[in-house]
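J.: sequence first, predicted coordinates after that:
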Amino acid sequence: MAVTVSILQLAVSVTVFPIFLLHFLGLWEWICKKIFPYFMVQFTESYNREMAAKKQELFSNLQEFAGSSGKVALIEVGCGSGANFKFYPPGCRITCVDPNPNFEKFLIKSIAGNRHLQFERFLVVPGEDMHQIEDNSMDVVVCTLVLCSVQEQEKFIKEVHRVLRPGGAFYFIEHVADEPSSWNFFWQQVLRPTWQLMFDGCDLTKETWKALEQGSFSKLNLQHLQAPLPWKMVRPHIIGYATK
């Protein structure tokens, strides 16, 4: 099976050879960082239509984690274009983090369209190193469709613990690897190298739930589901929240 996967991976790579050549020449990362936000803006519009009910349900209890001011201090890691803003409660104080600075102009548009929120700042840093954020300073951390591209998930989760106040919550929606015995997982493996290159580090075979289960949270609410998305490769999802 491993040999078959390798042969098919090579065949898929050949079909997008120019991208691999640009990567070899050290040019692709810069190009991808420029064009990826445009793709994500279109994708998240479709994604929100399909996942609106799930997002509304997930974020429905955000206000319960508000601090003494009555407002939720929230940091969204891998904020992208701000696709989750409309699901947050009024008065929510938002700090946005993303390693790609090219999302900022799209983020500004989302901020302008969600006046019910209080925008704090946008930091261009990876989720594994948010040293500008003080310890125990956030009520809530959110990431959606982010952990697929995080290489050191354990380090990321440690940062989540560091910035969350005691009793704070970490919310997540992530696509993950399918069942190992499924055909979908087979094709996730085949497409993995090309997909990862084309979609800014996105790994189709991440078993993210394992990192969360080992993340030393006091409570973890995690559900596996098949998202109603047109691309079968990214239908396997986990969704939920954990408390510190």
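T.: Structure received. In this text the structure is predicted, and so the values were computed from the model without any measurement. Numbering: from 1, shown residues only.
J.: in the lengthiest strand in the chain, which residues are buried?
T.: For the chain, the longest strand by residue count, based on DSSP state E, is strand 164-175. Going by neighbour count (16 or more other Cβ atoms under 10 Å), the buried part of strand 164-175 is Leu164, Arg165, Gly168, Ala169, Phe170, Tyr171, Phe172, Ile173, Glu174, His175. Yep, even glycine has a C-beta here, placed from its N, CA and C like the rest.
J.: closest one to Ile239 out of those, please.
T.: Nearest to Ile239 among the buried residues of strand 164-175, counting by Cβ to Cβ, is Ile173 at 4.8 Å.
J.: pLDDT score assigned to the closest one?
T.: At Ile173 the predicted local confidence, pLDDT, stands at 98.
J.: neighbours of the nearest residue to it once chain neighbours are set aside, how many?
T.: What sits nearest to Ile173 in space, not counting adjacent residues and going by Cβ to Cβ, 6 or more residues apart in numbering, is Thr144, at 4.2 Å. Number of residues near Thr144 (other Cβ atoms under 10 Å) recorded here: 24.
J.: before we move on, what about Leu145?
T.: Residue crowding around Leu145 was assessed by other Cβ under 10 Å; the count is 21.
J.: what's the answer for Met130, then?
T.: 21.
J.: related to what we said a few turns ago, packing partners of the longest strand of the chain?
T.: helix 28-58, strand 138-144, strand 236-243 (3 or more Cβ pairs under 8 Å, 6 or more residues apart in numbering; DSSP states H and E).
J.: OK, contacts around the residue nearest to Ile173?
T.: Gly78, Ala83, Asn84, Phe172, Ile173, Glu174 (Cβ atoms under 8 Å, 6 or more residues apart in numbering).
J.: swap in 10 Å and give it another go.
T.: Residues counted as contacts of Thr144 (Cβ atoms under 10 Å, 6 or more residues apart in numbering) are 44, 47, 51, 55, 58, 76-80, 83-84, 87, 171-175, 239.
J.: how about Thr208?
T.: Residues in contact with Thr208 (Cβ under 10 Å, 6+ apart) are 146-148, 150, 153, 172, 174-177, 222, 237-238.
J.: buried subset of those as a PyMOL selection?
T.: With 16+ other Cβ under 10 Å as the burial test, the buried ones among these are selected in PyMOL as follows:
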select buried, resi 146+147+148+150+153+172+174+175+176+177+237+238
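J.: and the furthest pair within the contacts of Thr208?
T.: Farthest apart among the contacts of Thr208 by Cβ to Cβ are Val150 and Leu222. That separation is 17.0 Å.
J.: so which residue is dead centre in this structure?
T.: Closest residue to the average C-alpha location of the chain: Val146 at 1.9 Å, with Cα atoms, centre = their mean.
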